[in-house]
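> this is the structure alone, sequence omitted:
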Ligand code: NAD
């Protein structure tokens, strides 16, 4: 058990909770369990810090660019800690740190500008953009740093202050990130609170918060929307996905198999926009299943700290239990494990990379989000049937179409009901693009300039066009 002294919560009690290493299932450190009652003081301090932070865009840009350099320089400290608590291979943790720095730079240099309103009336009208105040950012455990930066970079660049709550499964790298950022950012501009519920619910419903930006599961997103509604606070929700990949008859199976495999299994399948269902034409179905199963059987699974590991463990015991449950149900529904299908017999939360064939389309691994290293492959006989199946869930985050005729593939991708569709790729996002799930996958738009405007309010000034009309 850890012997480290508890860290004092901001203005509150000093209790800690264990943080587990998913590669062993054992605690390796602890984080402060912040008392929700301390949020009043935290949000008050964020309001005070906001007065200065909102006033000078040039100072903000300088601070955020310096912060990006500091994050990059701290990669060798941040990445191993991230792998230790999250499980992903070290190279992916380094990539996550790099994306965190890149996001800070991108938003630091984005200017909302002001826009004239031209409607023919003899007035000069202009939209100017104003920050909102303290923003609550609540994030999950799959990309703790990257998703936190997707919240705080645009919010801070827009002139808001931020109270950030990471998942209790992954609080440590975020706390270290906070201390790295504290060199460049003034005090209380970004505060990190850690702990279990009801901390998030209290933060989302706090009357001093002006915007709640949440990434996580659909059920929690619903609870967050309800909390925010209590104080009529703006809420942006980035929620779960169940992305379909539709393979066309002219797909070069062997050529795309590796890319398709990693689109589903990167970060052990714990990616909101992972491929979570594959639809393959019946004529090439067995080839697709076998190509993916071959990759699943040969991938190296192990601790993320071991440089040979290509896949780490599932992040936590609850998630592992969910993956096991969905897989067991798919097998009892008549499915077949072409690869994997079981936990690995070793300490930690390891699950064999699993390709499921012949699963009925009603099985939960198809209709819900498995969020783990398990991929069902389903046959189809007509493209219309495949598109209907791809669109046939309550999710709508991303989707992809794979084939050699790019025009045809694009025409089919255009029919997918989701926020982003790819051809022959999946889940590759640009910092400059809007990120918006449809149906239950999200409310509001993040990413690119839209992410900045989501943290601003329009303020319109009208004045007469000519002095004699004044
Ligand atoms: P989760 O919904 O369980 O938790 C997310 C965060 O909310 C955590 O910090 C958690 O502590 C907090 N929380 C829990 N209950 C709360 C409450 N009542 N009020 C406020 N906050 C509360 O999600 P998870 O298991 O950590 O992450 C996995 C989910 O996140 C998956 O569904 C995945 O698809 C989704 N996700 C979505 C995106 C996206 O951009 N759309 C990105 C990554 C992950």
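Noted; the coordinates are in hand. Not measured: the values here are computed from a predicted model.
> helices of the stretch 1-150 of the chain, start to end?
For the stretch 1-150 of the chain, helices defined by DSSP state H, counting those that start in this stretch occupy the ranges 39-53, 57-73, 75-86, 90-108, 144-157.
> winner for burial among these?
Highest mean neighbour count of the helices of the stretch 1-150 of the chain: helix 144-157, a mean of 27 (counted as mean count of other CB atoms under 10 Å). For glycine as for every other residue, the C-beta is placed from the backbone atoms N, C-alpha and C.
> that one: how far from the chain's middle?
Distance of helix 144-157 from the chain centroid (CA atoms, centre = their mean, to the nearest Å) equals 10 Å.
> what angle do it and helix 90-108 make?
If you take axes from the mean of the first three to the mean of the last three CA atoms, to 10 degrees, helix 144-157 sits at 10 degrees to helix 90-108.
> tell me the residues of the stretch 251-400 of the chain that contact the ligand?
Proximity of the stretch 251-400 of the chain to the ligand, by CB under 6 Å from any ligand atom, involves residues 272, 369, 371, 397.
> tell me which residues touch the first one, please.
Pointing back at residue 272 there. Applying CB atoms under 8 Å, 6 or more residues apart in numbering, we find residue 272 in contact with 142, 215, 238, 239, 240, 241, 397.
> now the second one
Taking CB under 8 Å, 6+ apart, we find residue 369 in contact with 217, 240, 241, 242, 276, 395.
> tell me the SS of it?
Assigned with DSSP: H, G, I helix; E, B strand; the rest coil, residue 369 falls in the coil class.
> what's the pLDDT at it?
We have a pLDDT of 98 for residue 369.
> quick one on the thing from earlier: I'd like the contacts of residue 369 as CSV, with pLDDT appended.
As requested, these are exported to CSV (pLDDT from 0 to 100):
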residue, pLDDT
217, 97
240, 97
241, 98
242, 98
276, 98
395, 98
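> now, of those residues, which are buried?
The neighbour-count test (16 or more other CB atoms under 10 Å) marks 240, 241, 242, 276, 395 as buried among the contacts of residue 369.
> so where's the stretch 351-470 of the chain uncertain?
The stretch 351-470 of the chain contains residues with pLDDT under 70 at 468-470.
> quick one: the helices in it?
Under the criterion DSSP H, counting those that start in this stretch, helices of the stretch 351-470 of the chain are mapped to 364-367, 383-390, 406-413, 448-453.
> list just the one of the ones you listed that sits closest to residue 32.
Minimum separation from residue 32 across the helices of the stretch 351-470 of the chain (CB to CB) falls at helix 448-453, 29.2 Å.
> is any part of that closest one close to the ligand?
No: figure legend: helix 448-453 not in contact with the ligand (CB under 6 Å from any ligand atom); closest approach 11.6 Å.
> can you start the count at 43 instead of 1 from here on
Sure, I'll start counting at 43 from here, so that last one is helix 490-495.
> may I see the contacts of residue 314 organised as a markdown table, with distance to residue 154 and secondary structure added?
Shown next, in a markdown table, are these (distance: CB to CB, whole Å; DSSP: H, G, I helix; E, B strand; the rest coil):
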| residue | distance to residue 154 | secondary structure |
| --- | --- | --- |
| 184 | 30 | coil |
| 257 | 23 | strand |
| 280 | 21 | strand |
| 281 | 26 | coil |
| 282 | 30 | coil |
| 283 | 29 | coil |
| 439 | 26 | coil |
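> quick one: the helices of the stretch 393-512 of the chain as JSON lines, columns for mean neighbour count too.
Formatted as JSON lines, those follow (neighbours: other CB atoms under 10 Å):
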{"stretch": "helix 406-409", "mean neighbour count": "21"}
{"stretch": "helix 425-432", "mean neighbour count": "18"}
{"stretch": "helix 448-455", "mean neighbour count": "16"}
{"stretch": "helix 490-495", "mean neighbour count": "20"}
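> neighbours around the nearest residue to residue 156 once chain neighbours are set aside, how many?
Leaving aside its sequence neighbours, residue 156 sits nearest to residue 170 (CB to CB, 6 or more residues apart in numbering; 4.7 Å). Each residue near residue 170 was counted by other CB atoms under 10 Å, and the total is 14.
> and residue 257, by the same measure?
If you count neighbours by other CB under 10 Å, residue 257 ends up with 26.
> wait, doesn't it sit right on residue 186?
No: the pair residue 257 / residue 186 is not scored as a contact, 10.4 Å apart, by CB atoms under 8 Å.
> returning to that earlier point: quick check: the farthest pair among the contacts of residue 411?
Distance extremes for the contacts of residue 411: the farthest pair is 259 and 318 at 13.6 Å, using CB to CB.
> gap between the closest residue to residue 229 other than its chain neighbours and residue 131?
Spatially, and ignoring its direct neighbours in sequence, residue 229 is nearest to residue 91 (6.6 Å; CB to CB, 6+ apart). Separation of residue 91 from residue 131 (CB to CB, to the nearest Å) stands at 37 Å.
> kindly report the same for residue 464.
Counting by CB to CB - residue 464 and residue 131 are separated by 23 Å.
> just residue 64 next, same as before
For residue 64 relative to residue 131 (CB to CB), the value is 12 Å.
> show me how far stretch 378-390 is from its chain's centre.
Put simply, stretch 378-390 sits 26 Å off its chain's centre (CA atoms, centre = their mean).
> ditto for stretch 240-253
Centre-to-centre, stretch 240-253 and its host chain are 20 Å apart (CA atoms, centre = their mean).
> pull out the buried positions in that stretch.
So, applying 16+ other CB under 10 Å, buried residues of stretch 240-253: 241, 242, 243, 244, 245, 246, 247, 248, 250, 251, 252, 253.
> so between residue 64 and residue 131, which is more surrounded?
Shown here are residue 64 and residue 131; by other CB under 10 Å, residue 64 has more neighbours (29 against 24).
> tell me, what's the model's pLDDT at the residue in the stretch 43-192 of the chain positioned nearest to the ligand?
Distances between the stretch 43-192 of the chain and the ligand by CB to the nearest ligand atom are smallest at residue 182, namely 3.0 Å. Listed pLDDT for residue 182 reads 98.
> point to the residue nearest the middle of this structure.
residue 189 (4.9 Å; CA atoms, centre = their mean).
> surely residue 89 touches residue 173?
No: contact criterion CB under 8 Å: residue 89 and residue 173 do not qualify, at 11.9 Å.
> follow-up on the earlier one: who touches the residue of the stretch 43-192 of the chain closest to the ligand in this structure?
Residues in contact with residue 182 (CB under 8 Å, 6+ apart) are 189, 209, 257, 258, 259.
> can you do 7 Å?
By CB atoms under 7 Å, 6 or more residues apart in numbering, the contact set of residue 182 is 189, 209, 257, 258.
> would you map the strands across the stretch 293-442 of the chain?
Listed in chain order, the strands of the stretch 293-442 of the chain (DSSP state E, counting those that start in this stretch) span 317-323, 378-381, 396-399, 416-422, 440-444.
> mind listing what's buried in stretch 317-327?
By neighbour count with 16+ other CB under 10 Å, stretch 317-327 contains the buried residues 317, 318, 319, 320, 321, 322, 323, 326, 327.
> leaving out the residues flanking it, which one is nearest to the second one?
Take residue 318 and drop its neighbours on the chain: the residue closest to it by CB to CB, 6+ apart is residue 284, 4.9 Å away.
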